[in-house]
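Chemist: sequence isn't available, so here's the structure alone:
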């Protein structure tokens, strides 16, 4: 009810006074005044927020690229198909992307273990009930027998 009275009488009252009193429309209030800051403080605050946002986005892009590097490494290692999304993320981050040091150490250890497993002795050690010392002795004995036979050979 008060709204209706103010609306009906208020407009006529302004016309009667001739606009001697100026009222600022609510739309002209700035965001800075609404937050209790000066315009300069508000601009600095907005600039700081923008810088922090850019920094967060850069860190996030870096982490995404590191994860993509890890995934692509494992895809290469296990001969899986490549993902173009990972390649794109790595390219967007630039050349700054490297494997984390802890992961690089783990990968190096895995590579050493795989190299050992792929060697002949590594394959033999995987067999159960194989005595390595006995196997070495047999190999040396066989080599000595071959040397003796070659010494007795008339062609050599």
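Modeler: Okay, I see it. Since the model is a prediction, treat every value here as computed from it, not as a measurement.
Chemist: low-confidence ranges, this structure, go.
Modeler: 1-30, 95, 120-130, 154-156 (pLDDT under 70).
Chemist: how about the residue most central in space within the chain, secondary structure?
Modeler: The centroid of the chain falls nearest to residue 63 when counting by Cα atoms, centre = their mean (2.5 Å). Here residue 63 is recorded as helix under DSSP: H, G, I helix; E, B strand; the rest coil.
Chemist: do residue 37 as well
Modeler: With three-state DSSP as the basis, the three-state label of residue 37 is coil.
Chemist: next up, the contacts around it.
Modeler: When contacts are counted by Cβ atoms under 8 Å, 6 or more residues apart in numbering, residue 37 is found next to residue 45. All C-beta spots, glycine's among them, are computed from the backbone N, C-alpha and C.
Chemist: name the element the closest residue to residue 31 other than its chain neighbours belongs to?
Modeler: The spatially closest residue to residue 31, leaving aside those adjacent along the chain, is residue 42, at 6.4 Å (Cβ to Cβ, 6 or more residues apart in numbering). Counting by DSSP states H and E, the secondary-structure element that holds residue 42 is helix 39-77.
Chemist: please identify the buried residues of that helix?
Modeler: By neighbour count on 16 or more other Cβ atoms under 10 Å, the buried set for helix 39-77 is 42, 62, 64-66, 68-72.
Chemist: between those residues, which is closest to residue 116?
Modeler: Taking Cβ to Cβ as the measure, residue 116 lies nearest residue 70 of the buried residues of helix 39-77, at 23.7 Å.
Chemist: what's the distance between the residue nearest to the centre of the chain and residue 42?
Modeler: 32 Å (Cβ to Cβ, to the nearest Å).
Chemist: repeat for residue 72
Modeler: 45 Å.
Chemist: would you agree the residue nearest to residue 31 is in contact with residue 34?
Modeler: No. Using Cβ atoms under 8 Å, residue 42 and residue 34 do not qualify as a contacting pair, with a distance of 9.4 Å.
Chemist: helices along this protein, start to end?
Modeler: Here the chain has its helices, by DSSP state H, at 2-17, 31-34, 39-77, 84-93, 101-118, 120-126, 132-152.
Chemist: neighbouring contacts of the shortest one?
Modeler: Outside helix 31-34, the residues that touch it by Cβ under 8 Å, 6+ apart are 38-39, 41-43.
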